[in-house]
Every structure is written in structure tokens, then in C-alpha cells.
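Trainee: model this:
(2 chains)
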2 protein chains.
Amino acid sequence: MTIEVDYRFPPGVDAERQAKVIAVGQTAGTWDARFAHREETLRSHLAEVVQVRAEPDGYNLATIRFPEANVENDIPTLLTMIFGKYSMAGAAKVMAVRLPEDYGRRPKLGIAGIRERLGIVNRPLIMAIFKPALGLSADDHAAILNEVANAGLDIIKDDEIMGDLDVAPTLKRLEACRKVLDAVKQQTGRTVLYAVNVTGTADKLIEKARLLVREGANALLLNVLTYGFSVLEALAANSEINVPIFVHPAFAGAMCAAPDYGLAYSVVLGTLMAHGGGDAVLYPAHYGSLPFDPMEEARIRDSLRSRNLFPVPSAGIHPGIVPKALADYGQDVILNAGTGIMDHPDGPASGVKAFFEALERVRQGASFELETLPEGALRRAVEKWGAG
Amino acid sequence: MTIEVDYRFPPGVDAERQAKVIAVGQTAGTWDARFAHREETLRSHLAEVVQVRAEPDGYNLATIRFPEANVENDIPTLLTMIFGKYSMAGAAKVMAVRLPEDYGRRPKLGIAGIRERLGIVNRPLIMAIFKPALGLSADDHAAILNEVANAGLDIIKDDEIMGDLDVAPTLKRLEACRKVLDAVKQQTGRTVLYAVNVTGTADKLIEKARLLVREGANALLLNVLTYGFSVLEALAANSEINVPIFVHPAFAGAMCAAPDYGLAYSVVLGTLMAHGGGDAVLYPAHYGSLPFDPMEEARIRDSLRSRNLFPVPSAGIHPGIVPKALADYGQDVILNAGTGIMDHPDGPASGVKAFFEALERVRQGASFELETLPEGALRRAVEKWGAG
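Mentor: Alright, predicted model coming up:
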């Protein structure tokens, strides 16, 4: 099996030449007569330029095929090979990576497993984020969770910047929130997931994740790009960590936002995450405040779903956006709202209710025009944030 | 203590506004009357815009001061805070990060410790890279090492793309090379370091690093940016791993090469590495084929040395460059040559000898003009690659 990568070069770059530099320089390199006895093996480790084709805008796209024998069936060796040293060589962007079906990992739970844990088969899941992001106590977190969980929320997550901080240590947050989750379960039979942000040096982080699960955490959140794909892979490989791992895209822009450098968002948040071992991946939706390309968003969605990961479009998600989101996503999506729930004019519980009213209204094919909306949480949300 | 970050915005971006977005959005966020009881604490977690100043080229530089209480004294939480979500918000580049003296880690060995292990106090160290990069057997590695180690080399490293592959498994490479290192030690008393590339999922990688050290590895190589800073920090924190960690910059260009996105090379390969726990950091020298800014290179050098890490300028290093490198670096530098040693016209041993001839010639203040060079390894190198 081989690995194919598309590199895009801006006008003015000799793409044919650069493609050869990559194919040789990122694999075996060159050798001389002294290594004649290894010729065949060395050759088998070289990459191959499949094609270089001109794009209408003057860019060139080079496709290079790498031997799978050069990597360890994981993301770090893949990245080192396809864009390690070469990332420093000038303007070039990795636009697509095509991996063998069995490359890397599949989610432990993914769409089916998360749905099973929640007992929800046929609608989008609604997810909230604790806000303010940091500065609240563990008990404050529990109080917020109590509001939204009782209003029907499916999943809540820590803000990605909430580490294991004195103001609300991770275990304390879990302990306080776990009581709420248990009470909701007991009173309504509903499972609500709380994705706890897991942090620390790699070994401590893995240890902490196991501890959190033992202490009742039913989901984890990981900033994969600031901790490393190898940490995600370690969590995914650990049989004790039998809860869904939610992947946060923090720092993705550092390697994806530039037009002519780095990697496409759809590679990092789509392809690599789909083979990385997480269960659900957050990424910017194009509805919101972050400048995101709808085509890239669609590619991420499709890459994730193709391997049973839940797409979690985030940023700019509010109740009025639900018709558009469902048109783009259908049912297999987690709608993740921060302010879109927490800043509802009547409070977070109404934020949650507004989402469920919106889902119901889409189901009925009813309009989201303000004047057609009955009094209630959805109407109040649309008054504040608009619709569509 | 506080953390100060300089963000640079291109012309057309409202830098004042963006600075406020960062200061609030990357910390506590906003809150309403419901959190009045936490007002003081929430406020203490907000960042502060110190200044926004116009640069001559129409760019704006915003300095933002973050509370240290928001992070875990490590690199991942730092990156998530300063450039996590915001990295996806549009054109902005992190140009500098100023950390408290005691932030993060210091090297276990660093310049002084590596010099002590080698018993070399007052000259640059010479380092080589196994070439071809992959496709050789473990015994081939040992044969190459035997040549260069006996020629006087100080340090050798795996190519960064050489993982734990069937063609030459990591432990086999170590085993074969260790015999050479032991023989050199026995015959000459000299220690030669072999930085073994350590790979795998985070937990396995840490386990493998411990095993390698138990099996006699006297240095490690880590692709920090594809494995994660949290993995470097875990290795650095582990008392069993009492050998120098060489940090490779693979993938740095993905987050540093773009003019208006990501982070400056001097931040990632300088500041962050200096606080990350490694002992020596490789990065592109401006002498060579990679397009690298001499000012950035100087900043990296100074950041690393300020915390006792060895700077390891790489790429484009060959014997003829030694006078220029010593003028830029003085003695506390590791000169890392790949082809500059391995592709010497008379073989790798001559490549090593050429470097030592070059060091001696600089010491004597002698010219590197080709016609002034006596017959020998250095002259042959300068014939091939030029000087200065």
C-alpha cells in the first residue's frame, strides 16, 4: 500500500523540481557506489512523483506516492516524512493526503458508539461549552451543568483553555459535575456526556486520563495539536480509556491558515484526525465568526464520517443556524454552541431549549422567520442572533 | 509573573480590535451579572493589551500580557492560550513570547553537561547524520559510524525520518552502533554520542526511550513538533532518561514559514524549545539551501544559549563554512553536517577530518582560499563545496 500526498506550489516555484526534491529528500535520499549492495532496498524506500499538473490559477499541484514501509502506521512519522524538513524549504502547501484504509486508527466509539451511550439514534446531538472559560470554581461548573443538563443537553465540554488550574482543578470539576450527571441519569434515565479537558506532560496526561475515567469521566477533550498526535494515539490505544475522545482544533490555524504554507485544514482536521483515533472532532463552521471555507468544512465532515467519527462544527453555532446546519449535515452531527447556548437572553437552559425547538421546527418543515416563531426560547434566540 | 506575547497583524487588520479579542477571547471570555460573585477571580484571569504600535511597513504589533495562572507551566497550555482558537481567526503571526525565567523546564545537561560527557571544553562539536536516510541495515549504520567515529567525530544522529522500521529497527541500530561506540571508547578514551531517533505513540515512546537508555543509548533525538511538546516534557522530566535530548525541527515550517500566519521560527525553535526541556536544538542555518533569515537564526541561538541549550545550526553546513559559522557562533555550537560529511569526495572519514582541519585553520587565523589550502581533506571539501 502507498500513501499519496498532493503538494501545491504557488506560481514561480519550479514544481517539477520541488516534487523530485520531496520524493528523494524526504525519503531515502541519495547514495553512491558504496551502497550498491543496498541498492534494491534503498530504491524501495524512495517516493515517486506521480504527476505534476498546472492549476488554472498558475499554481501547480504535485502528487507524490510514498512507501508505507517508511512510516510506523501513525501520524507523527507520516508528518515527519511528508512535511518534516521540507516544510522549511519554501512556499508549498499540503492539500490532500490519501492513506490506506487500514492506516492509523479507527475510533473506539465514534458516531455509533456515542449514539449508543446516549441512547439517541436519529437526531443531531447538542453540545455546550462551559463559559466563562476560566475563573469559575468547580461548583460553578456544576451549577451551570445542572441548568443545561436538565434542559435536555446531550454533551458539555470544558473550554479548551481550561487546564488543571488552581481555580478549578480537573478532578474537582469532574467530581462536582459527576454528581449532576448522576442525578440527571437517576431522575430522567438520560446520559449526558461531559468531555473533561485532559492536560499535562504526555505520561502524566495519559495517567490522568485513566484516573479521570476511573473516577467516572464519560468523555475526554484533547487539544491534539498542542499536545501531539502521539498523545491522542496513546489515549486511543489504551483499553482503560473506554470513553469518547473529543478532539479540539486549537492551534490548527498555526499550520493551516496560510494560503501557501502548511497543510490544508481538511488534511489536519479531516484526514489526520480521521486516522488518529479520536471519536469526534471539533472544527470551525463557516457560519460563524471564524473565516472558514465551506468546501474545506465539507471535506472535513466527509473525511471524519468516512471513518465513523462525529463531525462537530463549532463557532457561530446558535439556534437560528439549525436549518442551515441540518441542510449541510443531516442528522450525524454534533452541534456545538458556546455563547449560542450560554449567552441566551434567558440563560443557558433556554439556550438548550431553543436548540431543541429548532430541531423540532426543522422536522416539521416550519419557517424560522421571526414573525412566524411562537413565543419561547427559539424566538428569543433568533431575536438576538438571527436565523439562517 | 506574567507572559508577554507580541502578535503582528498585516496592514488592513484592525490591530487594536484584534488585540482585545485575543486578551478576552483567549482567556476568561465575557460574563454577565450571573457571575458577579466571581468577578474578581474572572478578572484576574483576563489578559491585558499592553500596547499596539505601528511598524514602518504598515504592520501593527500588539503586545499582550497573560496571567501565568492560566497555564500549567508548560508549552501545550501556553500554545493553547496564546494561539489556540485565535490561530484560526485570520492573519496574525506570533512574533515573540517572553516567559518568566522559571517557566517550563531547563535542560538536564545542556551545553555544560554535553561538554562534560564528551570531555571537550573549548571548541565547537562536530555532528554527522547517517545517510542515506533510510534503507540501510543496522550493520550498515555501524559501519558508517565506525568510519566517522574513528576519524574524530563527536556526535552522530539518525536522520529524522528514520523511525522504528523493519529495515533497521531502533534497538538493532543501537545495538550495532553501541559496539562501535564502546570500541572507540576503549581504544581512544573518547566518548562519541549517538542520538537515536525515538518514536511511537506517546506512552510507548517514553517506554522506548527508557529502554534505549538502559541498553546504552547515550543520546536521543526527538521530532518534537510531530510528536508534541508534551512528549519532550515527559522525557525531560524522567530521571531515568539521563542522556541529552537532541530536538529536531521537522515540521517547523508548517507553523513558521508563512509571513503572516503561525509563529516566528525564533519563537518555536528558540523560546519554546529553550523552555521545553531539550538539551540541544537543531534548526536551519542561513548558510545553506533552506531559505532562513540570519536574524531569526541569531534569535534562536541566543534564546537557546540563554538557558544553556546547545544551538545546532544545520543544513548547508560543510567544512568550508566553518570560518563563517565560528564568526557567527563562537565556540558554543554544534556544527551538524549531513552531506557535508557523508558526501565528502574521499568518504565520510575525510568529511570529519576536513571539519577538524577547518577548526584548526580558523584557530591559526589561516585563509580558506583554495590556493592557500594544503593537500588534504579540507582542500578536497572546499574544492567540492567552496568556502565562506
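Trainee: Low-confidence regions, the stretch 151-300 of chain A specifically.
Mentor: Along the stretch 151-300 of chain A, segments meeting pLDDT under 70 span A:290.
Trainee: Next, work out how far apart the closest residue to chain B within it and residue B:158 are.
Mentor: Minimum separation of the stretch 151-300 of chain A from chain B (C-beta to the nearest C-beta) falls at residue A:228, amounting to 1.7 Å. For every residue, glycine as well, the C-beta is placed using N, CA and C. Using C-beta to C-beta, to the nearest Å, residue A:228 is found at 19 Å from residue B:158.
Trainee: Same check on residue A:150?
Mentor: Distance from residue A:150 to residue B:158, by C-beta to C-beta: 56 Å.
Trainee: Mind jotting down where the strands sit in the stretch 1-150 of chain A?
Mentor: Assigned by DSSP state E, counting those that start in this stretch, the stretch 1-150 of chain A shows strands spanning A:2-9, A:48-54, A:60-67, A:93-98, A:125-129.
Trainee: Please identify the most buried of the ones you listed.
Mentor: A comparison of the strands of the stretch 1-150 of chain A by mean neighbour count, using mean count of other C-beta atoms under 10 Å in any protein chain shown, puts strand A:125-129 on top with a mean of 26.
Trainee: For it, C-alpha coordinates in PDB please.
Mentor: Extracted in PDB, the C-alpha atoms of strand A:125-129 (Å, rounded to 0.1, in the frame of the first residue of the first chain):
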ATOM      1  CA  LEU A 125     -26.600  16.000  19.200                       C
ATOM      2  CA  ILE A 126     -26.500  19.300  21.100                       C
ATOM      3  CA  MET A 127     -23.300  20.200  22.800                       C
ATOM      4  CA  ALA A 128     -22.400  23.200  25.000                       C
ATOM      5  CA  ILE A 129     -19.200  24.700  26.400                       C
END
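Trainee: need the contact list for residue A:246.
Mentor: Residue A:246 is in contact with A:155, A:157, A:195, A:219-222, A:278-282, A:312, counting by C-beta atoms under 8 Å, 6 or more residues apart in numbering or on different chains.
Trainee: who's it bridged to?
Mentor: Residue A:246 forms beta bridges with residue A:221, residue A:280, as assigned by DSSP bridges.
Trainee: interface residues of the stretch 251-388 of chain A facing chain B?
Mentor: Residues of the stretch 251-388 of chain A lying near chain B by C-beta under 8 Å from any C-beta of the partner chain: A:251-258, A:260-263, A:284, A:289-292, A:315, A:343, A:347.
Trainee: how about a cut-off of 10 Å?
Mentor: Contact residues (C-beta under 10 Å from any C-beta of the partner chain) of the stretch 251-388 of chain A with chain B: A:251-263, A:265, A:268-269, A:277, A:283-284, A:289-292, A:314-315, A:338-339, A:342-343, A:347-348.
Trainee: Number of residues surrounding the nearest residue to residue A:315 once chain neighbours are set aside?
Mentor: Leaving aside its sequence neighbours, residue A:315 sits nearest to residue A:288 (C-beta to C-beta, 6 or more residues apart in numbering or on different chains; 4.1 Å). Residue A:288 has 18 neighbouring residues, counting by other C-beta atoms under 10 Å in any protein chain shown.
Trainee: so residue A:288 sits in a strand?
Mentor: No: according to DSSP: H, G, I helix; E, B strand; the rest coil, the state of residue A:288 is coil, so it is not within a strand.
Trainee: hang on, isn't it packed against residue A:335?
Mentor: No: using C-beta atoms under 10 Å, residue A:288 is not in contact with residue A:335; the gap is 11.8 Å.
Trainee: Overlap of the contact sets of the two?
Mentor: A:313-314, A:317-318, A:321 (C-beta atoms under 10 Å, 6 or more residues apart in numbering or on different chains).
Trainee: As CSV, these with distance to residue A:297, secondary structure and neighbour count would be great.
Mentor: Listed next are the shared contacts of residue A:288 and residue A:335 as CSV, based on distance: C-beta to C-beta, whole Å; DSSP: H, G, I helix; E, B strand; the rest coil; neighbours: other C-beta atoms under 10 Å in any protein chain shown:
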residue, distance to residue A:297, secondary structure, neighbour count
A:313, 7, strand, 26
A:314, 11, strand, 26
A:317, 12, coil, 26
A:318, 17, coil, 27
A:321, 13, helix, 27
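Trainee: Let me know the closest of the residues you listed to residue A:237.
Mentor: Proximity of the shared contacts of residue A:288 and residue A:335 to residue A:237, judged by C-beta to C-beta, is greatest for residue A:314, which lies at 26.3 Å.
Trainee: I figured the closest one hits residue A:321, correct?
Mentor: No: applying C-beta under 10 Å, one finds residue A:314 not in contact with residue A:321, separated by 11.5 Å.
Trainee: Now the common contact residues for those two.
Mentor: What both residue A:314 and residue A:321 touch, as defined by C-beta under 10 Å, 6+ apart, is the set A:285, A:287-288, A:335, A:337, A:340.
Trainee: What subset of these is buried?
Mentor: Using 16 or more other C-beta atoms under 10 Å in any protein chain shown as the burial test, the shared contacts of residue A:314 and residue A:321 include A:285, A:287-288, A:335, A:337, A:340 as buried.
Trainee: still on that earlier bit, neighbour count for residue A:150 and residue B:158, which is higher?
Mentor: residue B:158 (27 against 17).
Trainee: out of everything not next to it in sequence, what's closest to that one?
Mentor: Residue nearest to residue B:158 in three dimensions, not counting chain neighbours: residue B:197, with 3.9 Å by C-beta to C-beta, 6+ apart.
Trainee: Bridged to that neighbour, which residues?
Mentor: residue B:221.
Trainee: give me every residue that touches the residue lying closest to residue A:114 once chain neighbours are set aside.
Mentor: Distances taken as C-beta to C-beta, 6+ apart put residue A:244 closest to residue A:114, at 5.2 Å, once the chain neighbours are dropped. Taking C-beta under 10 Å, 6+ apart, we find residue A:244 in contact with A:107-111, A:113-114, A:117-118, A:155, A:193, A:195, A:218-221, A:278-280, A:309-310.
Trainee: what's the answer for residue A:294, then?
Mentor: A:285-287, A:328.
Trainee: Return the member of those nearest to residue A:179.
Mentor: The closest of the contacts of residue A:294, once distances to residue A:179 are taken by C-beta to C-beta, is residue A:285, at 32.5 Å.
Trainee: Taking the buried ones among the shared contacts of residue A:314 and residue A:321, tell me the two that lie furthest apart.
Mentor: Pairwise over these, using C-beta to C-beta, the maximum falls at A:288 and A:335, 11.8 Å.
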